[in-house]
Each structure stands twice: as C-alpha cells, then as structure tokens.
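J.: Sequence first, then the predicted structure:
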Amino acid sequence: MTEAAPPLIALSGITKTYGVGAAEVRALQDVDLTIAAGEFVAIMGPSGSGKSTAMNILGCLDTPTAGSYRFMGHEVGALARDQRALLRRNYLGFVFQGFNLLARTSALDNVELPLIYKGMPRHQRNGLAREALDKVGLTGREHHHPSQLSGGQQQRVAIARAIVTKPDVVLADEPTGNLDTARSREIMELLTQLNRDEGITIIMVTHEHDMAEYAHRLIHFVDGRVESDGAAQGGVRDVR
C-alpha cells in the first residue's frame, strides 16, 4: 500500500507567548491545524484573536514558543534562520494590505524583485515577470510606476510579485483592506482563479465576511484558539 502524502501544512500544539511574568500574553494557545495542497482558506477573528500571529508563523516570519509546524512533512522548527529564509523564498508568496511596492520602480521591476534575491539572470527574470503580470491582467502596464496605477492595479502587481517564483502557497494578509467593493471583488476573483487554474494554495486573513466567502474553508480564531473550522458559507464561487 502506498503511504499517504503528508498535508502541505500541519500545526500541532502551536503556542506563541509574548512577554514574561505579569506582562505575559498568549497570542496562540495549543493550535492544531492542517491545510492540504490546493485549498483556499480564509482566517477570520476579532482584533487580538491570534490570526495575524498564526499567519506570521505559517509564513516563517515568526517562530512559535511551543508546538510543531511541519511544511511538506518537514519540521520548520528544526530549520536554521537561513533555511527558513530559503523556504520563504522558494515555496511562499506574500500579499499585504498596503501593497508594499517600491514607489520609484516600474511594475515589471517590482515583480522581478524576488527573482533578484534568487540570483536569477536578468533576461530570465524579465520573462517570468512579464508572464506573472499577464496572469493578473496587467499586460501593457509593465513600465507604469505605482503612482500611475489604481489601488486595484497596484494589488495586482503585488500578487504578480507573489506568484512570480511559482510558490506552493500564497499568504494574503487583508488583501482587499485598502480597496473599494468593486476592486475587492476583482482581487478575490483573481485569487480564486489562481487557486483553481494554477493550483496555488491560498491562505488569507480578512475581516470582511463577503471576501471570506470566496474561500473553500473558513477558520475562525478567538482568544488565540481555533473556535471553528468548516466550509465557507458562500461555497466555492465560479468566476469563469
């Protein structure tokens, strides 16, 4: 019998504590969570619920105080700092609420940035960056600077930058938080398309219920714990 592949992501007993003594705060408490390859997961919860801390740990931007985080079956806690950086660089893409684009740099150069960190030759990264911009519907905007783009277009550039390395996972932290309703829907439809057509696992933190409904699965954090974990109420939307 063929042994089943491990889940893409597995958290077991994850606890994160800040401060000591009377100032101690437990941001996460004994969190168990598995995410399979190809899922689209939305994480919600009130301020201080632990959802952002969980996202930082999933993205290898922070480490837990206790517990186990396994990525593709490998124990992340056993990795050195430079090894965690390589994991981020090769397997993870990040999208933030504030876009985080370089203001004086073209869309193309912004998207190329992760490939520069990988040491890729200019001609190769140029082609991949153009391909990523095409996937997010920005062909013809390669040489526009962020100030020449709308908020929705800037977030598309940020998504292109996140997927240019062909990551297994995209972690999106409030990706529609700075956008109006119409542009928010466009971004969610784009993430849905990338999840469906490219097979990219999407993990998204959001406070907007209507945006969370684009996901397959909704995980709700309260007081550092997973309060609920199930299918998103809106189901899987077809954006073809």
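T.: Now that the structure is in, tell me what you want to look at.
J.: what about the helices in this structure?
T.: 51-58, 81-91, 107-117, 122-135, 151-163, 181-198, 209-212 (DSSP state H).
J.: Gly152 versus Lys51, what's the distance?
T.: Noted for Lys51: a distance of 24 Å to Gly152, by Cβ to Cβ, to the nearest Å. From N, CA and C alone the C-beta is placed, and that goes for glycine too.
J.: again with Asp134
T.: Counting by Cβ to Cβ - Asp134 and Gly152 are separated by 17 Å.
J.: What is the burial count for Ala158?
T.: Neighbourhood size, Ala158 [other Cβ atoms under 10 Å]: 26.
J.: Do I have it right that it meets Asn100?
T.: Yes: Ala158 lies in contact with Asn100 (Cβ atoms under 8 Å); the separation is 6.6 Å.
J.: which of Asp134 and Gly152 has more neighbours?
T.: Applying other Cβ under 10 Å to Asp134 and Gly152 shows that Gly152 carries more neighbours, namely 19 against 13.
J.: how about that one, what does it touch?
T.: By Cβ atoms under 8 Å, 6 or more residues apart in numbering, Gly152 lies in contact with Leu179, Arg183, Glu186, Ile187.
J.: what about 10 Å?
T.: Gly137, Thr176, Asn178, Leu179, Asp180, Ala182, Arg183, Ser184, Arg185, Glu186, Ile187, Leu190 (Cβ atoms under 10 Å, 6 or more residues apart in numbering).
J.: Report pLDDT for it.
T.: Reading off the confidence values, Gly152 has pLDDT 95.
J.: cool, Gly234 as well?
T.: 59.
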